[in-house]
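Asks: 3D model of this:
(3 chains)
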Amino acid sequence: MRTIAVLIRKEFTQIRRNRIMIPAMIIAPLIQMIILVYAANMNMRDIDFAILDEDGSATSINLISKYSSSPFFSLSGSVNSLDDAEKLLKGDKADLVIHIPPNFENSILNQEKADVQFLINGINSAAAVLTASYAQNILFDYNRQLIAGFSRPSSVSQGFGTIEVNYSHWYNPGLDFKIFMVPGILVVLVTLVGWLLMSLNVVREKELGTIEQINVTPIKKYQFLMGKLIPFWILAIIELGIGLTLGRLLFHVPILGSLWLLIAFTAIYLVTVLGFGLFIAAISETQQQVMFVNFFFVLVFILMSGIFTPVESMPDWAHYVNIINPLSYFMRVIRMILLKGSDFGDVWKEFLSMGIFGVVMITLSVRSYRKRV
Amino acid sequence: MESETIIEVRDLVKRFGSFIANDHLSFTVAKGEIFGFLGANGAGKTTAIRILSGLSSPTSGYVFVAGIDASRYPEQVKKSIGYMCQRFSLYEDLTVFENIRLYGGVYGLTLKEIVLRSDEMLSRLGITDLRDRLIRSVPLGWRQKLAFSVAIFHQPNIVFLDEPTGGVDPVTRRQFWDLIYEASRAGITVFVTTHYMDEAEYCDRVCILSEGKIQAIGNPVELKRSFNVTSMDEVFIKVARNA
Amino acid sequence: MSRFISLVRKEFNHIFRDRRTLLILFGIPIMQILIFGYVVNSDFKNIGIAVLDQSVDAHTQKILNKIFSSGYFNFSGNIQNAQGISDQFKTGKVKAVLVFESEFGKKLDNGQLANIQIITDASDPNVANTTVGYVSGIIRSYQGELAGQTVVQLIVEPQYRMVFNENLISAYMFVPGTMALILMLISALLTSISVTREKELGTLEVILVSPLRPAQIIIGKVAPYVLLAFINGLVILLLGYFIFNLPISGSLVLLLAELLLYITLSLSLGILISTIAKSQQIAMFMSLFVLMLPTVLLSGFIFPIENMPLILQWISAILPPRWFIIILKDIMLKGNGLAYVWNETLILLGMTLIFLFAAIRKFSIRLQV
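Replies: Numbers count the residues shown, from 1 in each chain, chains lettered A, B, ... in the order given. Purely as a prediction, here's the structure:
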């Protein structure tokens, strides 16, 4: 125990002397949080659209005005040919071109079918779908007006009542995306500070040769590894505190559940990822290597953890990967505790999985670390 | 001089793939001796010293250090040895005292002992004023002497020195050897590798290594006499020519 | 010249001996493309919905059948009372609860107003929003069926043409983004680390005192990485082409030229970082937080730039990947020629010159000291 304490003390002294460590811990999360939270705005912006009106009638102008007066659309110009329309799309001057063919007005006056073509920039498929659905909604309204104008007999009310759908959004009534993102970023921060910095630190001793001097002492493997793990474990928990405080002050992220429960889970989670980091450090020789191997896993784990998109919707094989993805557990638990106030009864399974995981990882790292080559 | 054997090596072989770094080495070192391991770069000195200090395992052969089988119980061996290697290995971003506290603590000394002994050590070296300086800012010569003092801080039975004076000026080398003598007088067995032949003269016994094999072993004076030359330099050249 | 070649060879040996890093360098783009293609951009499905049906009649059964056969939602059980809702949410398995008021069917049959409430777990606002949208759509269409009409009769019929991406494949967004990210990773991060590593180990000094000129040293140092990054870029292009049918509509020569330009730009950045950074840790820190993170977040790779606050848009304008992504999309997907991308190309070219100039200058100063 005393040996480990001696090692921890040494580690903290070095961390304190390292000029980039403290800024890395405070400034990085601040910047990350501010940028990510503001950048991660998935809402639709105004859709720039252009007009290719080959009819040029009062009716077509009326239809166009429905779009230009909509808050979702903003008119950016008009063109005279399909070629020009495509040029606009190519040059990113518009994301939508509304093409009204000749004889549009005549068809409508004759109560025949008329066509409108929407040319949509499809590169961003998600945005394209939304654009199409906004465009369609306006067109449907327009249709309804036309039908009303022709005063066809209404076919509704055959004795059935109307279904009224109400909805209420719990835990986040304003559907504030930031409240969703901040816990996700906290997971990333805590993970990066612990995992990456620690494994870099271990391999750095290998590169500088100082580990040799440690290896020749009667120190036990687990003592050395704990001496590395515990300081970064503490740092990462402090990082959680910094991040939570920032999230609370800047974005009013709620803390509905027990803070101690969250810290307890973080503590167990960190043992797992730090154990994993130690394992990778044990099998790597250079900082470059450890950096890239870690980077690979961090990237895969973050993307699959459900930070942006719901885990439930992922394909089956992704569910299997997520069984061994510690970040996916933490991502779920931190949001449950912070945003929904889940208690131990709700997350005990995650606690158990993380605990087993932690033991496995620590065992693995102790076994793979060699004092002797 | 009948004294007890503290290091015994029999038929030590170390292979890296098809390359044989140590080819059937056999020798003994007596307690309290200053034992020199000589050889050109790549002769297998570092490989051997790493096996003796438990940092590396032999391919075959017997290695007994302080009565313990070093190939099977390297961790037991580590309790009774000190080690200082070629590449400089005190932490550059820690102060002199912090380094001492770290290694002292690792060997299980209490903080009180550490403070007491380090004060004594620093004043003996005459560098009490360097106590709270970062190693990074300590002159190279002093770093080397400090590294040695730290390696024997826990008063081991044996200290292994792997080219301890590499890249050091002659004056500092001289002072470094004074420290080695001092340690030897205090009863510590010194096992040192070097390729400076003048340093070989300071040893009680030397072993000349070439291409992984022992070419000659004995007291420097006897060696010079048997090769009929006046300096260890010439002994070495003759041995190298024979190999 | 032979000295120069031996320098290049040494660098190649460094890279190709470290199989693990090499494996990772090619593993990252492949994994990333697969994850973006199949995991992150996957369809909305398997969302758990629990039901609090206080009526249990033919209408509620039909509505529930429609909802759970839609393919978007999973039935996660019945709840008996309103107190159970928050318990359901807290375990995380249920994303929404559907509440039918009592005598729902009776009211509907009698021509009265019948209430359905959708309660969502909005801790994930996107899921909550989409769920409400889909469920109300299904209910609306049920209402339509009741009224005896399937769809609203249309007079003006819309036709859609998704230009550049007829089948709305999401790969069109993330393949160019991945490319910009990976090339930046290899070029900037790898070079800056490898140069600072030599600094730390002191081997750089040896090369610096050689009669090679600074420009030669820099070129010798980065040449292998140019090759590595270029191959990686090709691998990503091929992956996009064969797995996601991503076309290369424009000129391949122009595309490869832009690729080289971007690689050169990233490498000069890497060199610049390594002349500033004293240790590998600092180099990594700078590369990660100054380059990688903004590349992921601000280059328009994941989040649309237009949505960002103005300040972030400005920051985004000084990020090379932002312009490179535009160029990639223009050439590959829109089939645009240089006439459309000369603007962006000039920006990249300008940045390259600035970084290169700064790097060589810094490097030479080091030599003189």
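Asks: make it CA atoms for all contacts and neighbour counts henceforth
Replies: OK.
Asks: what about residue A:56, which SS state?
Replies: coil (DSSP: H, G, I helix; E, B strand; the rest coil).
Asks: For chain B, see how far away it is.
Replies: According to Cα to the nearest Cα, to the nearest Å, residue A:56 and chain B sit 78 Å apart.
Asks: which residues does the residue nearest to that residue when sequence neighbours are not counted contact?
Replies: Distance criterion Cα to Cα, 6 or more residues apart in numbering or on different chains; nearest residue to residue A:56, sequence neighbours excluded, is residue A:102 at 8.0 Å. Residues near residue A:102 by Cα atoms under 8 Å, 6 or more residues apart in numbering or on different chains: A:53-56.
Asks: how about the helices in chain B?
Replies: For chain B, helices defined by DSSP state H occupy the ranges B:45-52, B:74-79, B:96-106, B:111-125, B:140-151, B:170-185, B:197-200, B:220-227, B:232-242.
Asks: give me the number of residues near residue C:89?
Replies: For residue C:89, the number of neighbouring residues by other Cα atoms under 10 Å in any protein chain shown comes to 25.
Asks: Tell me which of the helices of chain B lies nearest to chain C.
Replies: helix B:140-151 (15.7 Å; Cα to the nearest Cα).
Asks: circling back to that earlier point, pLDDT at the residue nearest to residue A:56, what is it?
Replies: pLDDT for residue A:102: 91.
Asks: Quick check on it: phi, psi?
Replies: Per-residue torsions, residue A:102: phi -60, psi 160 (degrees, to the nearest 10).
Asks: Against residue C:155, how distant is it?
Replies: 16 Å (Cα to Cα, to the nearest Å).
Asks: I'd like to know the beta-bridge partner residues of the closest residue to residue B:82 other than its chain neighbours.
Replies: Distance criterion Cα to Cα, 6+ apart; nearest residue to residue B:82, sequence neighbours excluded, is residue B:159 at 4.4 Å. For residue B:159, the beta-bridge partners are residue B:82, residue B:190 (DSSP bridges).
Asks: Tell me, how many residues neighbour residue B:159?
Replies: The tally of other residues near residue B:159 (other Cα under 10 Å) stands at 25.
Asks: That one contacts residue B:191, doesn't it?
Replies: Yes: between residue B:159 and residue B:191 a contact is recorded at 6.1 Å, counting by Cα atoms under 8 Å.
Asks: picking up where we left off before, for the residue nearest to residue B:82, what are its contacts?
Replies: By Cα under 8 Å, 6+ apart, residue B:159 lies in contact with B:81-84, B:151-152, B:188-191.
Asks: So what's the predicted local confidence for it?
Replies: Listed pLDDT for residue B:159 reads 95.
Asks: Kindly report the same for residue C:285.
Replies: 77.
Asks: what about it, neighbour count?
Replies: Quick note: residue C:285 (other Cα under 10 Å) scores 20 neighbours.
Asks: Go ahead and measure how far the helix or strand where it lies is from the middle of the chain.
Replies: Per DSSP states H and E, residue C:285 falls inside helix C:280-286. Relative to the centre of its chain, helix C:280-286 is centred 24 Å away, using Cα atoms, centre = their mean, to the nearest Å.
Asks: quick one: that helix near chain B?
Replies: No: between helix C:280-286 and chain B, judged by Cα under 8 Å from any Cα of the partner chain, nothing touches; the nearest distance is 14.4 Å.
Asks: Show me what that helix is packed up against.
Replies: Using 3 or more Cα pairs under 8 Å, 6 or more residues apart in numbering or on different chains; DSSP states H and E, the elements in contact with helix C:280-286 are helix C:191-201, helix C:252-276.
Asks: please redo it, this time with the cut-off set to 6 Å
Replies: Applying 3 or more Cα pairs under 6 Å, 6 or more residues apart in numbering or on different chains; DSSP states H and E, one finds that helix C:280-286 makes contact with helix C:191-201.
Asks: Distance from the next helix or strand after the helix it packs on to the middle of the chain?
Replies: Remark: after helix C:191-201, the chain's next helix or strand is helix C:203-208, criterion DSSP H and E. Helix C:203-208 sits 39 Å away from the centroid of its parent chain (Cα atoms, centre = their mean).
Asks: and helix C:203-208, C-alpha only, in PDB?
Replies: This file holds the C-alpha atoms of helix C:203-208, laid out as PDB (Å, rounded to 0.1, in the frame of the first residue of the first chain):
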ATOM      1  CA  THR C 203      18.000  11.600 -33.500                       C
ATOM      2  CA  LEU C 204      16.800  14.800 -35.200                       C
ATOM      3  CA  GLU C 205      20.000  16.600 -34.200                       C
ATOM      4  CA  VAL C 206      22.000  14.000 -36.200                       C
ATOM      5  CA  ILE C 207      20.000  14.700 -39.300                       C
ATOM      6  CA  LEU C 208      20.100  18.400 -38.800                       C
END
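Asks: For the residue in the stretch 101-250 of chain C positioned nearest to chain B, grab the count of nearby residues.
Replies: Chain B sits closest to residue C:201 of the stretch 101-250 of chain C, with a gap of 11.3 Å, by Cα to the nearest Cα. For residue C:201, the neighbour count with other Cα under 10 Å is 12.
Asks: With residue C:350 instead?
Replies: 13.
Asks: SS state for it?
Replies: Note that with three-state DSSP, the state of residue C:350 is helix.
Asks: ditto for residue C:247
Replies: From three-state DSSP, the assignment for residue C:247 is coil.
Asks: how deep is it tucked in, by neighbour count?
Replies: 19.
Asks: same question, residue A:359
Replies: The number of residues packed near residue A:359 is 14, by other Cα under 10 Å.
Asks: Can you point out the buried residues in the helix or strand harbouring it?
Replies: Residue A:359 is part of helix A:344-368, with elements assigned from DSSP H and E. Neighbour-count burial for helix A:344-368 flags A:344, A:346-347, A:350-351, A:353-355, A:357-358, A:361-362, A:364-366, A:368 (criterion: 16 or more other Cα atoms under 10 Å in any protein chain shown).
Asks: ok, now stretch A:274-291?
Replies: A:274-282, A:284-291.
Asks: Quick one: low-confidence residue ranges for chain B.
Replies: B:1-2, B:86, B:88, B:243 (pLDDT under 70).
Asks: Dead centre of it: give me the residue that sits there.
Replies: For chain B, the residue nearest the mean C-alpha position is residue B:161 (2.0 Å; Cα atoms, centre = their mean).
Asks: How about the contacts made by it?
Replies: B:83-84, B:192 (Cα atoms under 6 Å, 6 or more residues apart in numbering or on different chains).
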